[in-house]
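# No sequence on hand, only this structure:
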C-alpha cells in the first residue's frame, strides 16, 4: 500500500498543471497588429508539449506572453494557480495583525493627547501662540482653528478611526506590493524562456565574460562554488562543448575551459548559443519554454540537447513547451502536439492524432512540405541515430549535474 501511495503521488507530481494560459490576446502597440487571438495552452509537469506552425502564426508571441515579456490585453496566464499579472490575495491573519499594530500606535497617540501636562508638540505650539498673542505663521493659525474645532465638537474619536482605517489600508497595500514583487521574481526564475531570436548568446553575454561566469550567472544562490563548478562541468560535458584552434583542430576540454577562464570571445556563435541554453537549464527551472533552441547547433549537438531536455522532463518533472518549425522530432519527443494558426491553437492532440491523422488542410500541407524536405536531407534519420548514441552518456552526466530529483514538485 505504501508503494502504491508513493507511485500515486509521483504520478500526481508528473501531471500537475503549472502554467495555464487561457484565451490570450496580444496586440503590438508599434504596429497595431493582433499577434494572439484567443490562444490557450496548459503545461503540466513531466510532459513535453510540441508547438508548430507557419511563420508569423504567433508561436514566439505566445512564448513571451507565458513568460510575462509582453502585456496581455485579454485572457489570463496562471502559474500554480496565481495570475502572473495580478497581485495575490492576502491571508486574513496578516490583515488582523496590521489592524492590531495600527490600534496600538493610535491608542498610544490618544493616550499622549489626554495627558494633562504632556501634550503633543502641536498642542504646545498652539498654547504658546495663544499666550504670546503674537502674529504667527498661517499654518499655525489654521492648525489652531482646526484644533479648537475638534476640541469643541468632540470629533477626536472620529479622527482616530479615520487614521486607524488609513493605516490598515496602507499596511495592506504594502504587504500586497511586496508579496507581488516577490512572486513576480519567483515566476521569472521558475518559468524560463530559451530562444534563438536576436542571438541571445551575444546579446546577454559579454565578450569579456568567461565561460565559467556565463554558466554560474543563473545558478541558484544557495549553491556553493564547488557545487556550481561540478554542475557547470557536467553540463559542458553533456552538451559536448568543443573549441577549435585556428587550424581547425580540437582545443582543450570542459575542465580546461573552466579552469583557464576561457573568454566567450573565443567561442563561435553556435558555441555561445549552446552555453546560453545550458546556463538557463542550470537555474533549475520548473517550466521551460524552448523556442527554436536548436538553431545554430550542429547535428550531434542537437541530438544531445534533445536528450538533455528529455532528462529535465522525465527525471526532474520540468514542464516543457517545445516550439519549432521542424515538427519531425515530435513523434518521439512529445506527449502532446499543438498547431498554431493566425494567433490561435487550431489543433491539439497526441503526436499520432496530429502528425498522422489530422484532417485539417493547413496541417496536411505543412507536414507534407516538411517531410519532403526531410526525405531529401535525411536529417530526421541522422538525428535519431545521434540521439540513440548519446542518450546513455548524457543522462549519466545530467544525473551528476543535478543530483536528486526535486521534492518541491
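That came in fine, so what should we check first? Just so it is clear, the model here is predicted, and its values are computed rather than measured. Residues are numbered from 1 along each chain as shown.
# what's the burial count for residue 384?
The tally of other residues near residue 384 (other CB atoms under 10 Å) stands at 16. For the C-beta atoms, the positions are set from N, CA and C on the backbone; glycine is no exception.
# same question, residue 81
Around residue 81 there are 9 residues (other CB under 10 Å).
# Just the pLDDT for it.
As predicted, residue 81 sits at a pLDDT of 80.
# Kindly report the same for residue 184.
Per-residue confidence at residue 184 stands at 56 (pLDDT).
# likewise residue 370?
88.
# so who does it touch?
326-328 (CB atoms under 8 Å, 6 or more residues apart in numbering).
# do the same with residue 257
Contacts of residue 257 (CB under 8 Å, 6+ apart): 211-212, 236, 241, 243.
# Please tell me how far it sits from residue 233.
Separation of residue 257 from residue 233 (CB to CB, to the nearest Å): 9 Å.
# farthest-separated two in the contacts of residue 257?
Maximum pairwise distance in these, criterion CB to CB, is 14.1 Å, between 212 and 243.
# Looking at these two, which one has more neighbours?
Neighbours per residue, other CB under 10 Å: of residue 212 and residue 243, the larger number sits with residue 212, 19 against 16.
# The more buried one against residue 232, yeah?
Yes. Using CB atoms under 8 Å, residue 212 makes contact with residue 232 at a distance of 6.5 Å.
# which residues do those two both contact?
Common neighbours of residue 212 and residue 232 (CB under 8 Å, 6+ apart) are residue 258.
# low-scoring pLDDT stretches of the chain, where are they?
1-14, 85-161, 163-164, 167-168, 171-188, 404-409 (pLDDT under 70).
# Strands along that one, start to end?
For the chain, the strands defined by DSSP state E occupy 17-27, 34-44, 48-53, 74-79, 82-83, 191-195, 243-244, 250-251, 287-291, 319-323, 336-341, 344-349.
# Out of the ones you listed, which is closest to residue 166?
Counting by CB to CB, residue 166 lies closest to strand 82-83 out of the strands of the chain; the figure is 27.9 Å.
# Tell me the gap between the closest one and the middle of its chain.
13 Å (CA atoms, centre = their mean, to the nearest Å).
# what's it packed up against?
Using 3 or more CB pairs under 8 Å, 6 or more residues apart in numbering; DSSP states H and E as the contact test, no helix or strand touches strand 82-83.
# Could you spell out the sheet neighbours of that strand, each with its direction?
If you go by DSSP bridges, strand 82-83 pairs up with strand 74-79 (antiparallel).
# Next, the angle from the strand it pairs with to strand 191-195.
110 degrees (axes from the mean of the first three to the mean of the last three CA atoms, to 10 degrees).
# Pretty sure residue 336 sits against residue 347.
No. Counting by CB under 8 Å, residue 336 does not reach residue 347; the two are 10.9 Å apart.
# Let me have the strands of the chain in JSON lines, adding distance to residue 279 as columns.
Output for those, formatted as JSON lines (distance: least, CB to CB, whole Å):
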{"stretch": "strand 17-27", "distance to residue 279": "22"}
{"stretch": "strand 34-44", "distance to residue 279": "22"}
{"stretch": "strand 48-53", "distance to residue 279": "21"}
{"stretch": "strand 74-79", "distance to residue 279": "22"}
{"stretch": "strand 82-83", "distance to residue 279": "27"}
{"stretch": "strand 191-195", "distance to residue 279": "10"}
{"stretch": "strand 243-244", "distance to residue 279": "17"}
{"stretch": "strand 250-251", "distance to residue 279": "22"}
{"stretch": "strand 287-291", "distance to residue 279": "13"}
{"stretch": "strand 319-323", "distance to residue 279": "17"}
{"stretch": "strand 336-341", "distance to residue 279": "27"}
{"stretch": "strand 344-349", "distance to residue 279": "30"}
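# Which one of those lies nearest to residue 369?
That would be strand 48-53 among these, by CB to CB, at 12.1 Å.
# Could you pull up the contacting residues of residue 349?
Shown in contact with residue 349 (CB under 8 Å, 6+ apart): 336-337, 358.
# Done for today, thanks.
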